[in-house]
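*Asks:* dropping the sequence and predicted coords here.
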Amino acid sequence: MTNQSKKSLLDKLRERWGVKGSQVFIILLVFACTGFTVMFLKRPIVGFFVEDGQKSLLFSIIYYILILPVYNIILLIYGFIFGQFTFFWNFEKRMINRMFGRKV
């Protein structure tokens, strides 16, 4: 077995993200908090715009297009709260560059 295959998932994440120690746990916590926040915000938002609970295809498309920037803003806010703003700011810049086809 090679040394690479013996590494745990957390070790692989530490290496990929270039972080040290327990910082990987904090980063995963930020992703989890962001996901839960977006999940909890969805029901009131949908309820505000849709009266009878029936979402149209157009509403669903618009929602998923608009949730991406909202998710990214919430990710930066939680990153700031947990002291990982620099990591998430760089993460966002890499993601935006990849979305628009620029080399990182």
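*Replies:* The structure has been received and is ready for your questions. Numbering: from 1, shown residues only.
*Asks:* the residue most central in space within the chain: what's it in contact with?
*Replies:* To find the centre residue of the chain, average its C-alpha atoms and take the closest one (Cα atoms, centre = their mean): that gives F31, at 5.2 Å. When the contact criterion is Cβ atoms under 8 Å, 6 or more residues apart in numbering, the partners of F31 are L75. (Glycine included, C-beta is placed from N, CA and C.)
*Asks:* so which strand or helix has it?
*Replies:* Taking DSSP states H and E as the definition, one finds F31 inside helix 23-49.
*Asks:* which strands and helices sit next to whatever helix or strand comes next after that helix?
*Replies:* Scanning the chain past helix 23-49 towards its C-terminal end, the next helix or strand to appear is helix 57-81 (assignment: DSSP H and E). Secondary structure elements in contact with helix 57-81, counted by 3 or more Cβ pairs under 8 Å, 6 or more residues apart in numbering; DSSP states H and E, are helix 23-49, helix 85-99.
*Asks:* I'd like these as a markdown table, with mean pLDDT and distance to I61 appended.
*Replies:* Converted to a markdown table, those look like this (pLDDT from 0 to 100; distance: least, Cβ to Cβ, whole Å):
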| stretch | mean pLDDT | distance to I61 |
| --- | --- | --- |
| helix 23-49 | 91 | 13 |
| helix 85-99 | 91 | 18 |
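*Asks:* turn the ones you listed into JSON lines, including distance to L57.
*Replies:* Formatted as JSON lines, the entries for the helices and strands packed on helix 57-81 read as follows, by distance: least, Cβ to Cβ, whole Å:
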{"stretch": "helix 23-49", "distance to L57": "14"}
{"stretch": "helix 85-99", "distance to L57": "24"}
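*Asks:* so which of these gets nearest L75?
*Replies:* Counting by Cβ to Cβ, L75 lies closest to helix 23-49 out of the helices and strands packed on helix 57-81; the figure is 4.7 Å.
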